[in-house]
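Undergrad: One predicted model, sequence on top.
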Amino acid sequence: MGNYVTGETIRSLREKKGYTQKELGETLMVTDRAVSKWETGRGLPDITLLEPLATALGVSVAELLSGEHIVNRNRAGNMTRSVFHVCPVCGNVLFSTGQGAFSCCGVSLPALEAEEGEGEHEIRIEKVEDEHFVSLPHPMDKAHHISFLAHVAVDAVRIVKLYPEGDAAARFSLGRGGRLYSFCSHHGLFARKV
């Protein structure tokens, strides 16, 4: 079983902050020998030290554990720069307005990249009364289905969860433009500009 945090991660982050092992140890009220052991893989920080260690190194606990420092370049929260993450274990859908370190069911979740849908993944839009009927000509069985449809506008997001044996369709108010997304349980994320 792998370690929950690597010595290389601790060393790299410590050096980026400009701390010596002694300075980091003093901040955490441990010895510089303890920090040295962590960095050389001869020991691990106690689990109770993870949050103070992450704070001292200027990262989140998730970043410390994943070994990746993530900078959210979407500080304004522009919804059109948002990203989806889907857990391959439980199907949980996570939506974020920027980059981050996300995990679910013990799995690190990468940001999904959408591609233009074709064939059964083509997102179709039909005006119905004061809304838009969004659908895909996609099979909807337990092994292969569309898990959700979403509309992301500049100021809002709406996600509709779909289930096997149902229709790959939902109604949306698309007056604010944006993008439509669909997630196929086998092929990933697809998008269409509104």
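TA: Arrived safely.
Undergrad: List the residues that contact the residue nearest to residue 121 when sequence neighbours are not counted.
TA: For residue 121, ignoring the flanking residues on the chain, the nearest one in space by C-beta to C-beta, 6 or more residues apart in numbering is residue 190 at 4.8 Å. (C-beta placed from N, C-alpha, C; glycine too.) The contact partners of residue 190, taken as C-beta atoms under 8 Å, 6 or more residues apart in numbering, are 114-117, 121, 123, 181-184.
Undergrad: List the first helix or strand encountered after the helix or strand harbouring residue 62 toward the C-terminus.
TA: In the assignment (DSSP states H and E), residue 62 maps to helix 61-66. Counting by DSSP H and E, the next helix or strand C-terminal to helix 61-66 is strand 83-86.
Undergrad: Mind listing the strands that following strand pairs with, and their directions?
TA: If you go by DSSP bridges, strand 83-86 pairs up with strand 93-96 (antiparallel).
Undergrad: List the contacts of the partner strand.
TA: Contacts for strand 93-96 (C-beta under 8 Å, 6+ apart): 82-87, 102, 104, 109, 111, 147-148, 150, 157, 159, 161, 183.
Undergrad: try 6 Å this time
TA: Strand 93-96 is contacted by residues 83-86, 102, 148 when judged by C-beta atoms under 6 Å, 6 or more residues apart in numbering.
Undergrad: who wins for most neighbours among those?
TA: residue 84 (23 neighbours; other C-beta atoms under 10 Å).
Undergrad: Spit out the contact partners of that residue.
TA: So residue 84 contacts 95, 112 (C-beta under 6 Å, 6+ apart).
Undergrad: ok so, going back, in a strand, the residue nearest to residue 121, correct?
TA: Yes. Using DSSP: H, G, I helix; E, B strand; the rest coil, the assignment for residue 190 is a strand.
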